[in-house]
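# Predicted structure and sequence below. I'll ask about it afterward.
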Amino acid sequence: MEDRYQREINYLRVSVTDRCNLRCRYCMPSGGVPLIPRREILSMEEIARVVRAATRVGVKKVRLTGGEPLVRRGITGLVKSIAAMPEIDDLALTTNGMLLAEKAGELKEAGLNRVNVSLDTLKPGRYRYITRGGEIKAVWRGVEKALELGLNPVKLNVVVIRGFNDDEIIDLARLSVERPLHVRFIELMPFGSAAPLTGGSHISSDEVKRQIEEKMGRLQEVRKLAGSGPARYYRVPGAAGTIGFISAVSDHFCGRCNRLRLTATGALRPCLFRDREIDVKGPLRRGAGPDELAALVVRAIQDKPGGHGLNEGQAVCGKSMSRIGG
Ligand SMILES: Nc1nc2c(ncn2[C@@H]2O[C@H](COP(=O)(O)OP(=O)(O)OP(=O)(O)O)[C@@H](O)[C@H]2O)c(=O)[nH]1
Ligand SMILES: C[S@@+](CC[C@H](N)C(=O)[O-])C[C@H]1O[C@@H](n2cnc3c(N)ncnc32)[C@H](O)[C@@H]1O
Ligand code: SF4
Ligand code: SF4
């Protein structure tokens with residue numbers, strides 16, 4: 001359905017857990033986020049009930065994210081139940097890739113359409129540093145497996161950080177040339193944990209694009225690539241994959257916003273950057289039926305702000321990305 005700004009809201013991002021097997025420096029403090037007791041987290045069955053209610057008011061696309069969705073037990077069963085909902089035409093997952101090689105087969109079989117994998121560097125030492133202990137080989141095994149199984153398109157998420165990976169922009173962009181990989185450069189967003197990395201180090205998507213075009217020639221705009229997110233896509237002429245830009249800070253893609261979020265603790269969140277949330281866990285556990293749940297989804301859609309307000313100093317985000325479901 002449409003919100004107050006005539007935007008069609010048809011995409012639900014579900015954070016299935018706040019837990020993660022990595023501790024990326026821009027996402028979490030070194031000790032991780034304080035663990036939420038298990039009973040506070042929605043069960044897979046509860047998540048499926050909310051998704052089903054959301055389909056009644058026009059949600060067609062679902063993304064499972066987190067924390068790390070692949071550390072949550074029962075993820076394959078959740079994929080299966082969402083994939084079975086006839087209204088859903090795109091079911092995707094965002095993952096750090098560490099467990100992807102072992103899980104990709106069962107996820108594909110359960111009905112997952114595609115994956116976005118986070119990978120900020122090509123260098124094993126840097127990967128270990130930024131993730132505080134991740135193993136890059138495991139991520140590449142996951143990416144290879146996803147390609148082999150046809151979890152199409154496979155997108156790579158690269159957060160660009162000055163002084164960390166800005167010297168790898170061209171090498172990362174080149175990954176899109178030979179193989180059908182879709183490399184997306186993401187502007188670092190000012191969440192709490194990212195603060196030490198943002199000091200004077202923000203690199204805009206325009207700057208990244210300029211660097212790529214200087215070395216690789218003019219990029220062609222690509223109109224359609226499976227997805228529902230905020231990225232803009234381009235292609236090196238003749239390349240198998242694409243290069244995308246997610247300009248969360250410099251560009252107001254809020255005008256094209258099409259999404260709602262469901263947090264791991266059972267709240268509908270109208271906007272990534274605003275702390276306002278609508279509780280659904282309480283009603284779910286008091287036995288709310290499909291109509292009542294659908295009404296809460298409608299309320300969350302009506303509550304969506306026109307934009308994130310980051311550049312007007314209105315945004316308040318006390319939580320980390322892992323809690324909300326980046
Ligand atoms: N500011 C902002 N950033 C978002 C929003 N949705 C996703 N992002 C960011 O975009 C980056 C990539 O997100 P993904 O989880 O891969 O999903 P997506 O780009 O929506 O997915 P596609 O359907 O493949 O286009 C992450 O860093 C997200 O935090 C949003 O609503 N607002
Ligand atoms: C929060 S993670 C959750 C899914 C999964 N654990 C992963 O890393 O892909 C989703 C996305 O948010 C991005 N992200 C986290 N913190 C960010 C920040 N401060 N700025 C920009 N992107 C961020 C990550 O790079 C990742 O692509
Ligand atoms: S970005 Fe993803 S992998 Fe990294 S700490 Fe956050 S939730 Fe975990
Ligand atoms: S910041 Fe808020 S309004 Fe803007 S695109 Fe993201 S969720 Fe939508």
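Yes, it's here. Ligands and ions are numbered 1, 2, ... in the order given.

# And the next helix or strand past the helix or strand of the chain with the lowest mean pLDDT?
Least confident helix or strand of the chain, by mean pLDDT, DSSP states H and E, is helix 195-198 with a mean of 63. Heading C-terminal from helix 195-198, the first helix or strand you meet, by DSSP states H and E, is helix 205-216.

# got a list of contacts for stretch 283-297?
The contact list for stretch 283-297 (CB atoms under 8 Å, 6 or more residues apart in numbering) reads 42, 46, 49-50, 52-54, 56-57, 59, 260, 266, 268, 278, 280. Heads up, the C-betas are built off the backbone N, CA and C, glycines and all.

# Inside strands: which ones of those?
Among the contacts of stretch 283-297, DSSP state E puts 260, 268, 278 in strands.

# tell me which of these is nearest to ligand 1?
residue 260 (9.3 Å; CB to the nearest ligand atom).

# List the contacts of the closest one.
9, 11-13, 54, 59, 268-270, 297, 300-301, 304.

# Look up which residues are beta-bridged to it.
residue 12 (DSSP bridges).

# So which residues of the stretch 151-300 of the chain form strands?
With DSSP state E, counting those that start in this stretch as the criterion, the stretch 151-300 of the chain has strands at 154-160, 181-187, 220-222, 232-235, 242-246, 259-262, 267-269, 278-279.

# hang on, the earlier thing: among the contacts of stretch 283-297, which one has the most neighbours?
residue 54 (30 neighbours; other CB atoms under 10 Å).

# And that residue, how far from residue 129?
Relative to residue 129, residue 54 is positioned 38 Å away (CB to CB, to the nearest Å).

# right, and residue 279 touches residue 266 too?
Yes - contact between residue 279 and residue 266 holds when scored by CB atoms under 8 Å: they sit 6.9 Å apart.

# What residues does the stretch 51-200 of the chain have near ligand 3?
66-68, 96, 118 (CB under 6 Å from any ligand atom).

# Look up how far residue 71 lies from the closest residue to residue 150 other than its chain neighbours.
Excluding the flanking residues, the one nearest residue 150 by CB to CB, 6 or more residues apart in numbering is residue 108, at 7.5 Å. As for residue 108, its distance to residue 71 is 19 Å (criterion: CB to CB).

# go on, residue 180?
Note on residue 180: its distance to residue 71, by CB to CB, is 27 Å.

# So for the two, which residue has more residues nearby?
residue 71 (18 against 13).

# what's the pLDDT at the more buried one?
Each residue has a pLDDT score; the one for residue 71 is 97.

# State the phi and psi torsions of residue 107.
Backbone geometry at residue 107, expressed as degrees, to the nearest 10, gives phi -70, psi -40.

# Among the ones in strands among the contacts of stretch 283-297, which one sits closest to residue 79?
Distance ranking of those against residue 79, using CB to CB, places residue 260 first at 19.4 Å.

# Please enumerate the helices of the stretch 51-200 of the chain.
If DSSP state H, counting those that start in this stretch is used as the criterion, the helices of the stretch 51-200 of the chain fall at 75-83, 100-110, 124-131, 136-149, 169-178, 195-198.

# thinking residue 63 is in contact with residue 13, fair?
Yes - counting by CB under 8 Å, residue 63 touches residue 13, with 4.8 Å between them.

# And ligand 2, is stretch 234-252 touching that?
No - applying CB under 6 Å from any ligand atom, one finds stretch 234-252 separated from ligand 2 by no less than 6.6 Å.

# List the buried residues in that stretch.
Of the residues in stretch 234-252, 234-236, 239, 241-251 count as buried by neighbour count, 16 or more other CB atoms under 10 Å.

# Establish whether that stretch and ligand 3 are in contact.
No - Stretch 234-252 lies out of reach of ligand 3 by CB under 6 Å from any ligand atom, never closer than 13.8 Å.

# Could you check that stretch against ligand 1 for contacts?
Yes - with CB under 6 Å from any ligand atom as the measure, stretch 234-252 is seen reaching ligand 1 through 246, 248.

# Quick one: distance of that stretch to the chain centre.
Offset of stretch 234-252 from its chain centre (CA atoms, centre = their mean, to the nearest Å): 16 Å.

# Using PDB, list the CA coordinates for that stretch.
In PDB, the C-alpha atoms belonging to stretch 234-252 read as follows (Å, rounded to 0.1, in the frame of the first residue of the first chain):
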ATOM      1  CA  TYR A 234      26.200   0.800 -13.800                       C
ATOM      2  CA  ARG A 235      28.200  -1.500 -16.000                       C
ATOM      3  CA  VAL A 236      31.700  -1.500 -17.500                       C
ATOM      4  CA  PRO A 237      30.800  -2.000 -21.200                       C
ATOM      5  CA  GLY A 238      30.700  -5.700 -21.900                       C
ATOM      6  CA  ALA A 239      31.000  -6.800 -18.300                       C
ATOM      7  CA  ALA A 240      29.200  -9.800 -16.900                       C
ATOM      8  CA  GLY A 241      28.200  -8.100 -13.600                       C
ATOM      9  CA  THR A 242      27.500  -4.500 -12.500                       C
ATOM     10  CA  ILE A 243      28.800  -1.800 -10.200                       C
ATOM     11  CA  GLY A 244      26.300  -0.300  -7.800                       C
ATOM     12  CA  PHE A 245      26.200   2.700  -5.400                       C
ATOM     13  CA  ILE A 246      24.300   3.000  -2.200                       C
ATOM     14  CA  SER A 247      24.500   6.700  -1.200                       C
ATOM     15  CA  ALA A 248      22.700   6.600   2.100                       C
ATOM     16  CA  VAL A 249      24.300   9.800   3.300                       C
ATOM     17  CA  SER A 250      24.800  12.000   0.200                       C
ATOM     18  CA  ASP A 251      21.700  11.100  -1.800                       C
ATOM     19  CA  HIS A 252      18.200  11.300  -0.600                       C
END
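
# Great, nothing more from me.
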